[in-house]
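Visitor: how does the following fold in three dimensions:
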Amino acid sequence: MLMDTSDMILDTFPGDQAGREYMENLYGEDMDRVLHSVVKLKNAVIGNNKQKFHMMSLGVVARLLEFIQNERAATGLRTESAIVLGSLAKGSQANVKRLVDNGVVPVLLRCLNNPDLKFVEGCLRCLRSIFTSQAAPVDLLYADPGVVPHMLDIVSQSPTTQECVCSILAECCKTSDHQGLLYSNGVIDSLAPLLASKMYKVQMPALRVFCVITYMNEMVSSAVASASVSERPLPDLLVELCLRDKSVEMQMSAAKCLTYMCRANALSSQDTKIVYKALPTLIRMCKKDRTLEERVEGAETLAFLIEVDLELQRIASYSDHLIPTLSEFLRYPSTQTTAMDLKRLDYDMKHSHELKAAALMAFASLGANDEDIRKKIIETENLMDHVVCGLSDPVVRVRLAAVRCLHSLSRSVQQLRTSFQDHAVWKPLMKLLQNADDDMLTVASSTLCNLLLEFSPSKEPMLESGAVDLLCDLTKRDDPALRLNGIWALMNMAFQVETKNMAFQAEQKVKSQILAALGTDQLFKLLSDPDVNVLMKTLGLLRNLLSNKPHIDHIMGMHGQQIMQAIVLILEGEHTIEVKEQTLCILANISDGTTAKDFIMANDDVLKKITNYMIHANVRLQIAATFCISNLVWNEEEGALERQMKLRDMGVQKLLQQLLSSSDTVLFDKVKTALQQFT
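Guide: Numbers count the residues shown, from 1 in each chain. As a prediction, this is how the structure comes out:
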């Protein structure tokens, strides 16, 4: 037997007779009494989450939507119903989800076309509460292409429409497509005047819109940079909003907007707005007198601003004790919280992770390019300990930030030989690589490339810990960034692997290990990789493998035909000058082998290609081709006379004589050396 819903409603709401009459009126036909009940419902649920939950459980949302959609209903009833829905949306995330599931959003968006301003404001307030929640159904805003332009049309009608429309758009601009759609519908012209509003509750959400539309978007950022408000350039207005008499929230957002415009190349990194306003503002936000949330946001935005600009990194590094200030982030909380204070403990743990991640990201940006700055960072008390601990942190953001910091610091030859070795950073890094996602793998494998450089003490123990197999696996990934890092690290590994005390057999073993783990099929697959950077590093690996005469002869003896075939394909293909130069350098290495050079001399097609590149318009290709010829005709090696005779018959000696007129000193020297070998 079905339960009578009306009885359930009447029994659950306040149990006295007045409450019963109230609910009967809400579901009755007398519109005056219905309106009175909706107003009472509004008063009952305001600030009362328990009552909101009960009312939604009883199905009042559907009833309120009936009123809102009924165009014959009194505007006052429709407005009050929208206000109640807005109040319900200010409850829990579960409440918002229920409203969304009940189809509230499309109904309210359609109602924005109503001519009654109070009703529209009621709908906008409810939409703002929904769209600013964690359960925001962002895609619903863009489902109807007419919604956004209409919202921008009505934005100027009142302070409430200004505040709500800006808040909604700021929360719902999540992708570059959203940015483009807002831009094409005139968001800059519509909202720019609001940045000069005297009302903070209008000015602030408008500023947030400009932050989200400029983030990593060159087109929109350029348009914002050239926009004006009452003949005043908009960037100048943003500078004013960074002043200290503004709220911290406003200063931060204005500095963020300037930062995003700078990173999108709409403002120069040397623009005074960046150097003297955005940068100092963000550094100030990292200070101890700011809230933890402000310090995190300030450090993260600062890291983004200076990430790729050396001069900004240098200015920041000596501004307002920034490095010691950031190091304090790593030591939060400075005092132990008692286990009894669980709320405080949870708060401290959450912000400890956020502060660590923000500081490590800022250190990563600061030390990206300058050796002196890296030295200052490294010398910060216990910093390397924090970085190493960060690699094993349970929070992904902290691990990623620690890897980025490590990557930045690993660009220092001095640190690779000292601090990195002292702390054995390769151990947690190798462990991290085992089960990392692609984002983590990309940064961690980039760091690995540096740790495997010839002069790094970490190189040998990493080789013994399975680095070769791990890197070979990376070269098989779909992500070109991972393939690049894998092959790049292998290239570094194959470069001068011997040390003064390392025997030839050990050097040969490493090269053989790389070839065996990578496999010739994968190597030649990488030589046809569509990503030119992957191709270049693969050629670099092959060039490093084919160094040292015995190694050249050994590898060519096993894979010579395949290598020559790959070289021909590259030289014949539509490749860049850099790719062809690297390929010719590989031929030069092969021609330096004892038996390996026979693969070139026996291939007239390859010899013809080499001679053609000797007269190429690009001098770098001429130099590489000439160097190859010089190795082939070197008169101290067995069979030199026969090789010289064949090349002379092909006109190579005459070509060399013609090249003596070259104005390029490097080419001239190579030509002169080659000619001296002919007898």
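Visitor: dump the residue contacts of M564.
Guide: Contacts for M564 (CB atoms under 8 Å, 6 or more residues apart in numbering) come out as 599-600, 603, 606. All C-beta atoms are positioned from the backbone trio N, CA, C, and that covers glycine.
Visitor: what sits up against stretch 362-372?
Guide: Looking at what lies outside stretch 362-372 - CB under 8 Å, 6+ apart - the contacts are 286, 299-300, 302-304, 306-308, 310, 313-314, 316-317, 322-323, 326, 373-374, 377, 383, 401, 404-405, 407-409, 411-412, 414.
Visitor: you'd agree L207 is up against C242?
Guide: No. Contact criterion CB atoms under 8 Å: L207 and C242 do not qualify, at 10.8 Å.
Visitor: give me the common contacts of the two.
Guide: With contacts defined as CB under 8 Å, 6+ apart, the residues shared by L207 and C242 are A254.
Visitor: tell me the pLDDT at D479?
Guide: Among the per-residue scores, D479 shows a pLDDT of 94.
Visitor: ok, now how distant is the residue lying closest to it once chain neighbours are set aside from A364?
Guide: On the basis of CB to CB, 6 or more residues apart in numbering, the spatially nearest residue to D479 that is not a chain neighbour turns out to be D438, at 5.7 Å. D438 sits 19 Å away from A364, taking CB to CB, to the nearest Å as the criterion.
Visitor: and those two? Which one has more around it.
Guide: Comparing D438 with A364 by neighbour count (other CB atoms under 10 Å), the higher total belongs to A364, at 23 against 11.
Visitor: buried residues, the helix or strand hosting that one. List them.
Guide: Secondary structure assignment for A364, by DSSP states H and E: helix 342-366. Judged by neighbour count (16 or more other CB atoms under 10 Å), helix 342-366 contains these buried residues: 348, 351-366.
Visitor: can you give me the strands for the stretch 451-600 of the chain?
Guide: Here the stretch 451-600 of the chain has no strands by DSSP state E, counting those that start in this stretch.
Visitor: show me where pLDDT drops low in it?
Guide: When the per-residue scores of the stretch 451-600 of the chain are filtered using pLDDT under 70, the ranges that remain are 454-455, 496-507.
Visitor: what about the helices in it?
Guide: Under the criterion DSSP state H, counting those that start in this stretch, the stretch 451-600 of the chain contains helices at 459-464, 467-474, 480-494, 504-518, 520-526, 532-545, 549-572, 577-590, 598-601.
Visitor: from R404, how far off is the spatially most central residue of the chain?
Guide: For the chain, the residue lying nearest the average C-alpha position, counting by CA atoms, centre = their mean, turns out to be D439 (8.8 Å). In this view, D439 and R404 are 10 Å apart by CB to CB.
Visitor: could you do E121 as well?
Guide: 46 Å.
Visitor: those two - which one has more neighbours?
Guide: For E121 and R404, the more surrounded residue by other CB under 10 Å is R404, and the numbers stand at 25 against 22.
Visitor: show me what contacts the residue nearest to D479?
Guide: With contacts taken as CB under 8 Å, 6+ apart, D438 has the following neighbours: 477, 479, 482.
Visitor: what's around the second one, how many residues?
Guide: Number of residues near D479 (other CB under 10 Å) recorded here: 13.
Visitor: show me the contacts for V633.
Guide: V633 neighbours (CB under 8 Å, 6+ apart): 640, 643-644, 647, 674, 677-678.
Visitor: sorry, that was for G28
Guide: Residues V34 are the ones in contact with G28 under the rule CB under 8 Å, 6+ apart.
Visitor: for it, give me phi and psi.
Guide: The phi and psi values for G28, taken as degrees, to the nearest 10, are phi -90, psi -170.
Visitor: look up how far S37 lies from it.
Guide: In terms of CB to CB, G28 sits 8 Å off from S37.
Visitor: cool, and Y613?
Guide: Y613 is 89 Å from S37, where distance means CB to CB.
Visitor: one more: V61?
Guide: V61 is 15 Å from S37, by CB to CB.
Visitor: same question for L366.
Guide: 62 Å.
Visitor: so where do the helices sit in the stretch 51-200 of the chain?
Guide: Using DSSP H, counting those that start in this stretch, the helices found in the stretch 51-200 of the chain span residues 60-69, 75-89, 93-101, 104-111, 117-131, 138-143, 147-154, 159-172, 176-184, 187-191, 200-214.
Visitor: which strands and helices sit next to the fourth one?
Guide: Applying 3 or more CB pairs under 8 Å, 6 or more residues apart in numbering; DSSP states H and E, we find helix 104-111 packed against helix 60-69, helix 75-89, helix 117-131, helix 138-143.
Visitor: one step back: which of the contacts of V633 has the weakest pLDDT?
Guide: Of all the contacts of V633, F678 has the smallest pLDDT value, namely 87.
Visitor: surely that one meets K646?
Guide: No. Shown here, F678 and K646 do not form a contact pair, counting by CB under 8 Å, at 12.0 Å.
Visitor: before we move on, back to that, the contacts of stretch 362-372, buried ones only, as a ChimeraX selection?
Guide: Here is the ChimeraX selection string for the buried members of the contacts of stretch 362-372, based on 16+ other CB under 10 Å:
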select :286,299,300,302,303,304,306,307,313,314,316,317,322,323,326,373,374,377,383,401,404,405,407,408,409,411,412
